[in-house]
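> Sequence and predicted structure below; questions after.
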Amino acid sequence: MEGVVAETLPNTTFRVELENGHLVTAHIPGENA
């Protein structure tokens, strides 16, 4: 599944628009070095 970042949110969270047009909220786990 692929998508494009539509909006950057706080705390490594992003709003992503998928190929099918749906918007989802995605989070990148892990610590920043």
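Ah, there it is. Residues are numbered from 1 along each chain as shown.

> Wait, A6 touches L18, no?
No - A6 is beyond contact range of L18, at 9.9 Å (criterion: Cβ atoms under 8 Å). No exception for glycine: its C-beta is placed from N, CA and C like everyone else's.

> Check the gap between M1 and P10 for me.
Per Cβ to Cβ, to the nearest Å, M1 is found 24 Å from P10.

> no no, E2
24 Å.

> cool, G30 as well?
G30 is 16 Å from P10, by Cβ to Cβ.

> so G3 bridges to which residues?
Counting by DSSP bridges, G3 forms beta bridges with L18.

> pLDDT below threshold where in the chain?
31-33 (pLDDT under 70).

> show me where it has strands.
Assigned by DSSP state E, the strands in the chain fall at 3-9, 13-18, 23-27.

> now the ones you listed as CSV including mean neighbour count?
Putting these into CSV (neighbours: other Cβ atoms under 10 Å) gives the following:
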stretch, mean neighbour count
strand 3-9, 11
strand 13-18, 15
strand 23-27, 11
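
> Test my guess that I28 contacts T8.
No - I28 lies out of contact with T8 (Cβ under 8 Å); the separation is 11.1 Å.
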